[in-house]
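1. only the shape, not the letters, is given here:
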């Protein structure tokens with residue numbers, strides 16, 4: 001068993017508070033063969049370690065990591081958000097997450113004994129690939145995972161909608177809508193090669209084909225979307241723009257995330273790679289990678305801050321990453337993915353903060369069990385699609 005001191009250092013390390021000497025002590029502890037199992041368990045407990053893994057990427061430690069990682073059957077390919085992160089390490093660490101855990105500052109001093117008090121009437125499955133495609137004439141087509149669909153200018157395999165590259169430029173620009181309901185997600189590849197990941201409860205309006213001379217422009221009507229934009233050099237120099245109400249993001253071949261849900265008072269733009277210019281009512285700001293802008297739609301207040309981009313965009317790769325998020329904020333995100341509503345019987349629970357990673361393929365029941373195990377809540381009830389936390 002790890003000593004209390006090591007446990008404390010690990011907690012500080014995962015929250016970016018460890019000193020250089022503490023990191024060195026942790027490194028030495030990890031390199032001890034007797035701690036292989038413990039270290040493997042800590043890797044499972046929190047994916048946040050991946051960003052700083054290169055500090056342990058030396059000799060014996062790396063060999064130990066490779067051996068442990070080779071045991072895992074599931075490997076999910078993940079494109080690294082930060083170029084300084086090892087692509088291979090990031091991908092394999094994602095593969096070793098098999099259980100969901102939440103942490104708060106007092107984790108290692110918490111008493112997690114006791115029998116959970118739980119009342120359930122149903123099991124809540126995670127979301128899946130599904131969307132509604134609205135064609136130019138108003139006809140709606142339901143797209144579901146495992147079901148194929150095809151029209152003259154596009155096709156879908158049930159997870160992704162792909163538009164053909166038009167050889168002839170149409171005289172009139174036609175638009176389609178892709179709507180992802182609660183409990184859903186979907187991918188789309190536009191006719192210019194731009195790829196878009198749509199999160200739950202989102203809607204995108206876009207041209208079936210981008211006509212020459214009119215530029216490339218789409219509308220995020222509401223919700224959240226991650227864009228990997230085809231560069232202007234591949235599209236006759238035409239820049240790409242994303243609109244949301246009066247909010248505009250002017251793009252030059254890049255990757256970024258926009259969050260603009262109906263119940264949000266602000267629009268958040270997070271830049272992963274490249275360059276974007278964010279415009280809102282004559283206010284314009286350029287973003288650098290790892291920066292996030294927020295526009296308050298009511299006060300027209302504009303702010304830019306540095307963020308951990310993985311926490312903002314991990315949803316598209318099958319995970320929710322939280323860093324000191326309140327239980328209320330976490331539940332608001334989970335409600336969209338699991339298509340549920342949450343009621344806090346004890347309002348004080350709303351402000352308890354956590355950090356950790358959730359695998360989106362897990363059942364909601366498993367997440368609630370974990371929260372209960374760490375004595376964050378006393379009990380919970382599931383009635384139809386309503387969760388009551390006590």
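-> In hand now; what should we look at? Just so you know, these numbers come straight off a predicted model, no measurement behind them. Residues are numbered from 1 along each chain as shown.
2. only C-alpha atoms from now on, for both contacts and neighbour counts.
-> Will do.
3. residue 328 belongs to a helix?
-> Yes - according to DSSP: H, G, I helix; E, B strand; the rest coil, residue 328 belongs to a helix.
4. so what's it up against?
-> 349, 350, 351 (C-alpha atoms under 8 Å, 6 or more residues apart in numbering).
5. list buried residues within those.
-> 349, 350 (16 or more other C-alpha atoms under 10 Å).
6. distance between stretch 252-261 and the chain's centre?
-> With C-alpha atoms, centre = their mean, to the nearest Å as the basis, stretch 252-261 stands 13 Å off its chain's centre.
7. do stretch 214-225 as well
-> Using C-alpha atoms, centre = their mean, the offset of stretch 214-225 from its chain centre is 19 Å.
8. what does stretch 269-287 give?
-> Worked out by C-alpha atoms, centre = their mean, stretch 269-287 lies 20 Å from the chain centre.
9. neighbours of residue 173, just the number please.
-> Neighbourhood size, residue 173 [other C-alpha atoms under 10 Å]: 14.
10. pull the contacting residues for it.
-> Here residue 173 is in contact with 207, 208, 209, 210, 211 (C-alpha under 8 Å, 6+ apart).
11. swap in 10 Å and give it another go.
-> Contacts for residue 173 were tallied using C-alpha atoms under 10 Å, 6 or more residues apart in numbering; they are 206, 207, 208, 209, 210, 211, 212, 214.
12. who's in contact with the closest residue in space to the fourth one that isn't next to it in sequence?
-> Closest residue to residue 209 in three dimensions, ignoring its sequence neighbours and counting by C-alpha to C-alpha, 6 or more residues apart in numbering: residue 191, at 5.6 Å. Remark: with contacts taken as C-alpha under 10 Å, 6+ apart, residue 191 is in contact with 153-154, 162-166, 206-210, 230.
13. is residue 9 in a helix, a strand, or coil?
-> Going by three-state DSSP: residue 9 is helix.
14. from residue 323, how far out is it?
-> According to C-alpha to C-alpha, to the nearest Å, residue 9 and residue 323 sit 17 Å apart.
15. who has more neighbours out of those two?
-> In this view residue 9 and residue 323 are compared by other C-alpha under 10 Å, and residue 9 has more residues nearby, 19 against 16.
16. end-to-end on stretch 328-347?
-> Using C-alpha to C-alpha, the two ends of stretch 328-347 sit 9 Å apart.
17. per-residue confidence averaged over that stretch?
-> Here stretch 328-347 scores 95 as its mean pLDDT.
18. quick one: distance of it to the chain centre.
-> Per C-alpha atoms, centre = their mean, the centroid offset for stretch 328-347 relative to its chain is 16 Å.
19. only the buried residues of that stretch, if you could.
-> 328, 330-331, 334-343.
20. kindly report the same for stretch 286-301.
-> Here stretch 286-301 shows 287, 288, 289, 290, 291, 292, 293, 294, 295, 297 as buried, counting by 16+ other C-alpha under 10 Å.
21. wouldn't the fourth one be in contact with residue 306 here?
-> Going back to what we said before, that points to residue 290. Yes - using C-alpha atoms under 10 Å, residue 290 is in contact with residue 306, at 5.8 Å.
22. now do the shared contacts for the two.
-> With C-alpha under 10 Å, 6+ apart as the test, residue 290 and residue 306 both reach 270, 271.
23. confirm residue 28 sits in a helix?
-> Yes - counting by three-state DSSP, residue 28 is part of a helix.
24. residues near it, how many?
-> Neighbour tally, residue 28, other C-alpha under 10 Å: 12.
25. for it, give its distance to residue 21.
-> Residue 28 is 11 Å from residue 21, by C-alpha to C-alpha.
26. same question for residue 221.
-> In terms of C-alpha to C-alpha, residue 221 sits 50 Å off from residue 21.
27. which one's more surrounded, those two?
-> Set side by side, residue 221 and residue 21 show more neighbours around residue 221, with 19 against 9, by other C-alpha under 10 Å.
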